[in-house]
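Participant: make a model of this:
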Amino acid sequence: MTAPAPAFQPGSREKNIEQLRRRTLDVLILGGGINGAGIAHDLTLRARLARKPLRVGLVEQRHFASGTSGRNSQLIHGGLRYLKNLEFGLVREALQERATLLRIAPHLVEPLPMIMPMYGLVPRLYYGAGLWLYDLLAGRQNVGRRSYLSREKLGELEPTLRAGGLHSAAIFYDCRVHSARLVLENIFDAARDGAIIANYVKAVDIVREGDGFRVEVKDTLRGHGYFIRARKVVDARGPWEEGGAMRLVRGSHLVLPRVNSSDNAIAHFGADGRILFIIPWGPQNRLSLVGTTDIDHRGDAEDVRIAREEVEYLYDAVAVLFPRVRQVKPVAAYSSLRPLLMEKGKSATETSRQHKIWFGADGLLHISGGKYTTYRLMSEEAATMLAGQVAPHLAEPAPAGTAGLGGNSPASQQRLLRESERLMAHYAVDEQEMKLVAKNYGVQTENVLGLAPVRAPQGLTRLECAIVQYAFRHEMAQRLADLLFVSTYWGYEQEWSEDRLRLLAGYIAGITGWGAARIEEEIGLVLRLTAFPA
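Facilitator: Here you go, the predicted structure:
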């Protein structure tokens, strides 16, 4: 029997803020999405391995991973569609990172077979060549080689797929991920290595002060203002970065009752050249995640929600393959902004996902573009640039591609699998519950299960209670929305009534001490976030 990994104790948010106020940091990172999280992790890993001090801080204006990084297509992929733009280097880089993330976060990243229907011989030859190149670029680190299905075999797997004009299909592989939890793993690994982290802290002004910076911040929960001093500042706020140097492109997704029949995802290039993904999703794959759109966002970064025309676009795109989809009502939707490089004359879809990292005239390190899948390489590049100025002895990259996030590894997953029956019996959970926790929490599984009460309040399960407690005690969740859209994706996996939200918020209040007014505030926020366009 293996002892459970120690549960991370992040400390109180208020104590972390006080530390940020009192210390002069070497590096302050603004933004708790995947780029900010990755940079913090890379820097602190270098310092730990070198046994050299490095004072790193990270602040996020809301909860970590609550923006773009937690609301994407939930895929770790090479970017098959970028082959059409001849971006072979970008695709190869992403495919290599796909293999790396599968190795260092095996609990969150798993291979996902995708069916690509071919309507006609020409598409069969054209897309078949693209998939051959996709496998070639992946090389020895491929997660699975392509294969082909006859029309008849495809009909057995997907009986509701449109048959008219269907020639055959290909099966290829990418990976799916719980993208918000991968951000949390990076941030908490950085905190274990000494980074000072605080959510709900917003940067409102950045002023040069001598050889460094004085950053005025606001505690957005308490309303208090503070100053943080740092030698270098990283602006990893993405869409919230000031100055308008990025092209903001909105991507929206629908969550529908299960669309296709098999446990394979569906990938299809539409007439407009964009690729549509239909991904089995949610508990026991009972739902389908459908996306995404690419629309230039003209409004405020704080007002990002799916538009009626995007809903119609996604329904139309799915109906090309599964005509019956028009009979089903969406369960949920979410949208986010992608901060891309400015490229004149290109549509939102055509704009490259290449990245740029640079020190601006303001002295800040800026990050633009890039893909979620390649965050680790971007983080390494940024960390090397920062170390060259604040800690030259740390300028050599650390082996971040070999260190398992949160102590997770393929071997730890195998141990967890071997101990599943013992854990199920000891904590009185069933097989599906065990799989759910192991998939999302990895080596922390037993610490989560250990929080399950003997009896749960009416309307909640014991496992739900355990997950709620873990989010608020160990993951710095501050709000109901943090639980529903970051620690879990429960908020997107069912329609939430006010009564159901009140039941959950009431249980959280027993942990946090929320009063009646705060409970109503939390419920109101979630209802606004989950509202569909009129």
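Participant: please enumerate the helices of the stretch 401-534 of the chain.
Facilitator: Assigned by DSSP state H, counting those that start in this stretch, the stretch 401-534 of the chain shows helices spanning 410-418, 420-427, 431-441, 445-449, 462-474, 480-482, 490-493, 498-512, 516-529.
Participant: and what of the stretch 1-150 of the chain?
Facilitator: All helices of the stretch 1-150 of the chain, identified by DSSP H, counting those that start in this stretch, fall at 13-22, 34-50, 88-104, 121-138.
Participant: low-confidence ranges in this structure?
Facilitator: 1-3, 243-245, 341-353, 400-401, 534 (pLDDT under 70).
Participant: how is the protein carved up into domains?
Facilitator: 13-68+180-243+353-394, 70-178+246-340, 409-529 (automatic domain parsing).
Participant: mind putting the ones you listed in JSON lines, distance to residue 5 and mean neighbour count included?
Facilitator: The way it works is simple: take the backbone N, C-alpha and C, and place the C-beta from them, glycine included. Listed next are these as JSON lines, based on distance: least, CB to CB, whole Å; neighbours: other CB atoms under 10 Å:
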{"stretch": "domain 13-68+180-243+353-394", "distance to residue 5": "11", "mean neighbour count": "21"}
{"stretch": "domain 70-178+246-340", "distance to residue 5": "12", "mean neighbour count": "18"}
{"stretch": "domain 409-529", "distance to residue 5": "4", "mean neighbour count": "18"}
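Participant: can you pull the phi/psi pair for the most centrally placed residue in the chain?
Facilitator: Nearest to the mean C-alpha position of the chain, by CA atoms, centre = their mean, lies residue 179 at 2.2 Å. Main-chain torsions, residue 179, degrees, to the nearest 10: phi -70, psi -30.
Participant: next one: residue 488
Facilitator: Residue torsions, per degrees, to the nearest 10, at residue 488 are phi -130, psi 170.
Participant: any idea how far it is from residue 190?
Facilitator: Per CB to CB, to the nearest Å, residue 488 is found 22 Å from residue 190.
Participant: same thing with residue 70?
Facilitator: 17 Å.
Participant: got the contact list for residue 463?
Facilitator: By CB atoms under 8 Å, 6 or more residues apart in numbering, residue 463 lies in contact with 429, 433, 436, 437, 449, 452.
Participant: dump those into CSV; add distance to residue 29 as well.
Facilitator: Below are the contacts of residue 463 laid out as CSV (distance: CB to CB, whole Å):
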residue, distance to residue 29
429, 37
433, 36
436, 32
437, 30
449, 33
452, 35
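Participant: may I ask which two of the residues you listed are separated the most?
Facilitator: 436 and 452 (12.7 Å; CB to CB).
Participant: the nearest residue to residue 154 once chain neighbours are set aside: what secondary structure?
Facilitator: Nearest residue to residue 154 in three dimensions, chain neighbours excluded: residue 169, at 4.5 Å (CB to CB, 6 or more residues apart in numbering). With DSSP: H, G, I helix; E, B strand; the rest coil as the basis, residue 169 sits in strand.
Participant: wait, residue 169 touches residue 113, no?
Facilitator: No. Counting by CB atoms under 8 Å, residue 169 sits too far from residue 113 to count as a contact (11.3 Å).
Participant: Throw the helices of the stretch 1-150 of the chain into CSV and include distance to residue 279, thanks.
Facilitator: CSV is the format used below for the helices of the stretch 1-150 of the chain (distance: least, CB to CB, whole Å):
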stretch, distance to residue 279
helix 13-22, 34
helix 34-50, 19
helix 88-104, 16
helix 121-138, 18
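Participant: residue 527 against residue 498, yeah?
Facilitator: Yes. Assessed by CB under 8 Å, residue 527 is found in contact with residue 498 at 6.8 Å.
Participant: which residues of the stretch 201-350 of the chain fall in strands?
Facilitator: For the stretch 201-350 of the chain, the strands defined by DSSP state E, counting those that start in this stretch cover 201-209, 212-219, 225-235, 247-257, 265-269, 275-281, 287-291, 295-296, 332-340.
Participant: wait, which of those strands is closest to residue 93?
Facilitator: Checking the strands of the stretch 201-350 of the chain against residue 93 by CB to CB gives strand 332-340 as the closest, at 16.8 Å.
Participant: what's the following helix or strand after the closest one?
Facilitator: strand 355-359 (DSSP states H and E).
Participant: on that earlier part again, switch the strands of the stretch 201-350 of the chain over to TSV; also include distance to residue 322.
Facilitator: Shown next, in TSV, are these (distance: least, CB to CB, whole Å):
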stretch	distance to residue 322
strand 201-209	43
strand 212-219	47
strand 225-235	42
strand 247-257	10
strand 265-269	8
strand 275-281	8
strand 287-291	9
strand 295-296	23
strand 332-340	18
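Participant: nearest to residue 468, of the ones you listed?
Facilitator: strand 332-340 (19.5 Å).
Participant: name every strand pairing with that closest one and say which way it goes.
Facilitator: Strand 332-340 pairs in its sheet with strand 247-257 (antiparallel), by DSSP bridges.
Participant: just want the angle from the strand it pairs with to strand 287-291.
Facilitator: Between strand 247-257 and strand 287-291, the angle comes out at 160 degrees (axes from the mean of the first three to the mean of the last three CA atoms, to 10 degrees).
Participant: alpha carbons of strand 247-257, as PDB, please.
Facilitator: As requested, the backbone C-alpha atoms of strand 247-257 are provided in PDB (Å, rounded to 0.1, in the frame of the first residue of the first chain):
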ATOM      1  CA  ARG A 247      -6.000  40.600 -32.000                       C
ATOM      2  CA  LEU A 248      -8.800  39.300 -29.800                       C
ATOM      3  CA  VAL A 249     -10.700  36.400 -31.400                       C
ATOM      4  CA  ARG A 250     -13.700  34.900 -29.700                       C
ATOM      5  CA  GLY A 251     -14.100  31.100 -29.700                       C
ATOM      6  CA  SER A 252     -17.400  29.700 -28.500                       C
ATOM      7  CA  HIS A 253     -18.600  26.200 -27.600                       C
ATOM      8  CA  LEU A 254     -21.900  24.400 -27.100                       C
ATOM      9  CA  VAL A 255     -22.500  21.500 -24.800                       C
ATOM     10  CA  LEU A 256     -25.300  19.300 -26.200                       C
ATOM     11  CA  PRO A 257     -26.800  16.000 -25.100                       C
END
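Participant: put the alpha carbons of stretch 261-273 into CSV.
Facilitator: Presented in CSV, the C-alpha positions along stretch 261-273 are these (Å, rounded to 0.1, in the frame of the first residue of the first chain):
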residue,chain,number,x,y,z
SER,A,261,-23.0,7.1,-30.9
SER,A,262,-19.4,5.9,-30.4
ASP,A,263,-16.9,7.1,-27.8
ASN,A,264,-14.8,8.6,-30.6
ALA,A,265,-14.7,12.3,-31.2
ILE,A,266,-15.7,13.6,-34.6
ALA,A,267,-13.6,16.1,-36.7
HIS,A,268,-14.9,17.6,-39.9
PHE,A,269,-13.7,20.4,-42.1
GLY,A,270,-16.7,22.5,-43.2
ALA,A,271,-17.2,24.3,-46.5
ASP,A,272,-15.7,27.5,-44.9
GLY,A,273,-12.4,25.6,-44.3
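Participant: gap between that stretch and the chain center?
Facilitator: Centroid separation between stretch 261-273 and its chain, computed with CA atoms, centre = their mean, to the nearest Å, is 21 Å.
Participant: what's in contact with that stretch?
Facilitator: Outside stretch 261-273, the residues within contact range by CB under 8 Å, 6+ apart are 80-81, 84, 112-117, 127, 157-160, 171-172, 176, 259-260, 275-280, 285, 317, 320-321, 349.
Participant: one more: stretch 210-218?
Facilitator: 24, 28, 30, 59, 201-208, 224-233, 363-364.
Participant: please redo it, this time with the cut-off set to 10 Å
Facilitator: With contact meaning CB atoms under 10 Å, 6 or more residues apart in numbering, stretch 210-218 is reached by 17, 20-21, 24-26, 28, 30, 57, 59, 61, 198, 200-209, 224-233, 362-364, 390.
Participant: wait, what's in contact with residue 442?
Facilitator: Residue 442 makes contact with 5, 105-108, 181, 185, 404-409, 412-413, 416, according to CB under 10 Å, 6+ apart.
Participant: between the residues you listed, which is closest to residue 94?
Facilitator: Closest to residue 94, out of all of those and judged by CB to CB, is residue 105, at 15.6 Å.
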